[in-house]
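Q: predicted structure and sequence below. I'll ask about it afterward.
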Amino acid sequence: MAAGSGSVDMDPDVARRLFEEGATLVLLGVPQGTELGIDCKSWQVGPRFKGVKMIPPGLHFLHYCSVNSPSCGGEVGPKTGLFLSLKPRDVLLANWDPKEEDLDFSASRNEAEVSRVRANLRDLDPHLGPYPYEVMRKWVSLTDRLSEEVASGLQPLSGRVCAFSDVVPELQLRHTKDRAEQPRNDSACQSMREGLDRLPRMKPREGTEMRFSVIPEKKYPPGATPAEVTQCSLDQSYALETVLQRHHQLQPLNLLGELQFAFVCFLIGNVYECFEHWKNLLALLCRSEGAMRKHKELYLGLIGVLYHQLGEIPPDFFVDIVSQSNFLTSTLQDFFQSAGSSGVDGTLRKRAEKFKAHLTKKFRWDFEADLDECDPVVVELPEGVSVD
């Protein structure tokens, strides 16, 4: 493992204790040059690499990218990652599968093999890279609300978080006759739109989809009047309560864990789908004024989660290149306005004011601009309801 900058100088006695008490990942056969990391740190694998040692117990994110040899161009493949819940003195064993370009952890189920590796850890020590303790504080701050149970329930059934979706055609055309009957996508197309419409529709391969909470498209209850539709579009508490009841009924604070899961999978795993879910979930939370009065702890936790997340992204990241509008400032503007309304807990109101001052000072974001309250709100009417 190539040396990284910013490593922590550690007392030999502390290092020995961490080696004995920490978890160990034994990763055999990983090709030289592979980009591999754990949590917020990554390296290029060297010729002697056989794993990572001294890993603190808890939830971790192992991630890696296969890399072509320099003679073949040296291109870096898409990132793959998986969440691991490790206990003190755990030993996990994996072998690199060159065909799949992935780590195969099936050897970890062989107790005899794991026991043999555990007995020889001292011999493996020179080939094991130490866990990057210099970024441990950052990792903990980004995942302190994310439990093993929540991560396991959100990640794909395959156990792999992949930067690029593994997709298959919605319509399986197994016979030549079936394929011949499909419209051709060639010079016969009269426009780009026609060509795109003729492309086969794709869907994620079964078991590879993220299992996020489903945010209702319609933010209002069945049978809502036009006035109720408008109200539920301005205050989306109904939709938020629906998400909590369906997905986090026993522990509403797990929604913050989902927010952290989506952010980590985007920030470290490079999964754009997770960024979109993070934005949608954040917008729902920030635009639910009624829920703010009911779920004080949820919103106090949200401020803490956002404090650490926003420190990891450049301030201009959320600016739309076309409209120049900033998704985050407009969303948080709604949040701060609701947090200052009557009926909101005083502690939450004060915490929101401090957070607002922090963001204004750090990023120079203006939350005092007009909220365009007089602009018309376009809402979707319930089915069967019309306005004369």
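A: Cool, got the structure.

Q: what about the helices in the stretch 1-150 of the chain?
A: With DSSP state H, counting those that start in this stretch as the criterion, the stretch 1-150 of the chain has helices at 12-21, 111-119, 121-124, 136-143, 148-154.

Q: next SSE downstream of the last one?
A: Remark: after helix 148-154, the chain's next helix or strand is strand 161-162, criterion DSSP states H and E.

Q: in contact with the residue most central in space within the chain, which residues?
A: The centroid of the chain falls nearest to residue 262 when counting by CA atoms, centre = their mean (2.4 Å). Applying CB atoms under 8 Å, 6 or more residues apart in numbering, we find residue 262 in contact with 212, 274, 275, 277, 278, 281. Any C-beta I mention is one placed from the backbone N, CA and C, and that applies to glycine too.

Q: least reliable of the helices of the stretch 1-150 of the chain by average pLDDT, please.
A: Among the helices of the stretch 1-150 of the chain, helix 12-21 carries the lowest mean pLDDT, at a mean of 84.

Q: what residues does it touch?
A: Identification of contacts with helix 12-21 by CB under 8 Å, 6+ apart yields 10, 53, 54, 56, 88, 89, 125, 130, 131.

Q: one more time with 6 Å, if that's ok
A: For helix 12-21, contacts defined as CB atoms under 6 Å, 6 or more residues apart in numbering pick out 53, 54, 88.

Q: go through the chain and flag its longest helix.
A: Scanning the chain for the helix with the most residues, using DSSP state H, yields helix 346-363.

Q: list the helices and strands it packs on?
A: For helix 346-363, the packing partners by 3 or more CB pairs under 6 Å, 6 or more residues apart in numbering; DSSP states H and E come out as helix 296-309, helix 327-339.

Q: let's have those in a markdown table, adding distance to residue 27, mean pLDDT and mean neighbour count.
A: Output for the helices and strands packed on helix 346-363, formatted as a markdown table (distance: least, CB to CB, whole Å; pLDDT from 0 to 100; neighbours: other CB atoms under 10 Å):
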| stretch | distance to residue 27 | mean pLDDT | mean neighbour count |
| --- | --- | --- | --- |
| helix 296-309 | 29 | 98 | 18 |
| helix 327-339 | 37 | 93 | 19 |
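
Q: could the ones you listed go into CSV alongside distance to residue 115?
A: Formatted as CSV, those follow (distance: least, CB to CB, whole Å):
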stretch, distance to residue 115
helix 296-309, 39
helix 327-339, 50
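
Q: would JSON lines of the helices of the stretch 1-150 of the chain with mean neighbour count and distance to residue 257 be doable?
A: What follows is the helices of the stretch 1-150 of the chain, written out as JSON lines (neighbours: other CB atoms under 10 Å; distance: least, CB to CB, whole Å):
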{"stretch": "helix 12-21", "mean neighbour count": "12", "distance to residue 257": "26"}
{"stretch": "helix 111-119", "mean neighbour count": "13", "distance to residue 257": "30"}
{"stretch": "helix 121-124", "mean neighbour count": "12", "distance to residue 257": "33"}
{"stretch": "helix 136-143", "mean neighbour count": "18", "distance to residue 257": "8"}
{"stretch": "helix 148-154", "mean neighbour count": "17", "distance to residue 257": "4"}
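
Q: include distance to residue 251 when you put these into TSV, please.
A: What follows is the helices of the stretch 1-150 of the chain, written out as TSV (distance: least, CB to CB, whole Å):
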stretch	distance to residue 251
helix 12-21	30
helix 111-119	33
helix 121-124	37
helix 136-143	16
helix 148-154	9
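
Q: any idea which of the ones you listed gets closest to residue 84?
A: Between residue 84 and the helices of the stretch 1-150 of the chain, the shortest separation by CB to CB is 9.2 Å, and it involves helix 148-154.

Q: mind listing residues that contact that closest one?
A: Here helix 148-154 makes contact (CB under 6 Å, 6+ apart) with 59, 83, 85, 211, 254, 257, 261.

Q: list only buried entries from those residues.
A: Buried by 16 or more other CB atoms under 10 Å: 59, 83, 254, 257, 261, out of those.

Q: these in strands, which ones?
A: The members of the buried ones among the contacts of helix 148-154 that map onto strands under DSSP state E are 59, 83.

Q: and which of the buried ones among the contacts of helix 148-154 is nearest residue 288?
A: The closest of these to residue 288 turns out to be residue 254 (CB to CB; 16.6 Å).

Q: so who does the closest one touch?
A: Counted by CB under 6 Å, 6+ apart, residue 254 has contacts 150, 248.

Q: for residue 248, see how far away it is.
A: Relative to residue 248, residue 254 is positioned 5 Å away (criterion: CB to CB, to the nearest Å).

Q: now the contacts of helix 148-154 as TSV including distance to residue 301 and pLDDT?
A: Formatted as TSV, these follow (distance: CB to CB, whole Å; pLDDT from 0 to 100):
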residue	distance to residue 301	pLDDT
59	17	98
83	21	98
85	21	97
211	22	96
254	11	98
257	10	98
261	14	98
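
Q: and of those, the nearest to residue 307?
A: If you rank the contacts of helix 148-154 by distance to residue 307 using CB to CB, residue 257 comes first, at 16.1 Å.

Q: poorly predicted segments of the stretch 251-388 of the chain, please.
A: Along the stretch 251-388 of the chain, the parts satisfying pLDDT under 70 run over 315, 320-325, 370-388.

Q: how about the helices in the stretch 201-350 of the chain?
A: Going by DSSP H, counting those that start in this stretch, the stretch 201-350 of the chain shows helices at 226-234, 237-247, 254-267, 272-286, 289-294, 296-309, 327-339, 346-363.

Q: any idea which of those gets closest to residue 96?
A: helix 254-267 (22.6 Å).

Q: what's the angle between that closest one and helix 136-143?
A: Angle, helix 254-267 to helix 136-143, by axes from the mean of the first three to the mean of the last three CA atoms, to 10 degrees: 120 degrees.

Q: and helix 254-267, how far from the chain's centre?
A: Distance of helix 254-267 from the chain centroid (CA atoms, centre = their mean, to the nearest Å) equals 5 Å.
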